[in-house]
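**Student:** what's the 3D shape of this:
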Amino acid sequence: MLTKHICSLKQLAPTVKCGSQCKNLALQIIHRNTLVLQYNHLLLEETQEDLRTVDRFIGHVRFVM
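**Tutor:** Numbering: from 1, shown residues only. Below you'll find the model as predicted:
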């Protein structure tokens, strides 16, 4: 879904009535935001795995008690 929006923005960039510096800046911002989103997704996956691990330990402690 995000890739679709990024492609749409890249297609719009040539029609914007500003200089090439403006277009380049817009594409750099899009690229940066994409990288931040990917990084956040990796952090989310790591956090979800940590929560699953904690849940298993809690279940083990309950079983032992």
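**Student:** neighbours around Glu49, how many?
**Tutor:** Per other Cβ atoms under 10 Å, the neighbour tally for Glu49 reads 10. C-beta coordinates here come from the backbone N, C-alpha and C atoms, glycine included.
**Student:** quick one, what contacts it?
**Tutor:** Under the criterion of Cβ atoms under 8 Å, 6 or more residues apart in numbering, the contact list for Glu49 is empty.
**Student:** for whichever strand or helix holds it, what is the average pLDDT?
**Tutor:** Element membership of Glu49 [criterion: DSSP states H and E] is helix 20-64. If you average the pLDDT over helix 20-64, you get 90.
**Student:** with only the CA atoms kept, save stretch 48-60 in PDB.
**Tutor:** Extracted as PDB, the C-alpha positions of stretch 48-60 are listed here (Å, rounded to 0.1, in the frame of the first residue of the first chain):
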ATOM      1  CA  GLN A  48       6.300  -8.400  19.300                       C
ATOM      2  CA  GLU A  49       8.800 -11.200  19.500                       C
ATOM      3  CA  ASP A  50       9.900  -9.900  23.000                       C
ATOM      4  CA  LEU A  51       6.300  -9.900  24.100                       C
ATOM      5  CA  ARG A  52       5.800 -13.400  22.900                       C
ATOM      6  CA  THR A  53       8.900 -14.500  24.900                       C
ATOM      7  CA  VAL A  54       7.600 -12.800  28.000                       C
ATOM      8  CA  ASP A  55       4.200 -14.400  27.600                       C
ATOM      9  CA  ARG A  56       5.900 -17.800  27.400                       C
ATOM     10  CA  PHE A  57       7.900 -17.200  30.500                       C
ATOM     11  CA  ILE A  58       4.800 -16.000  32.400                       C
ATOM     12  CA  GLY A  59       2.900 -19.100  31.300                       C
ATOM     13  CA  HIS A  60       5.900 -21.200  32.500                       C
END
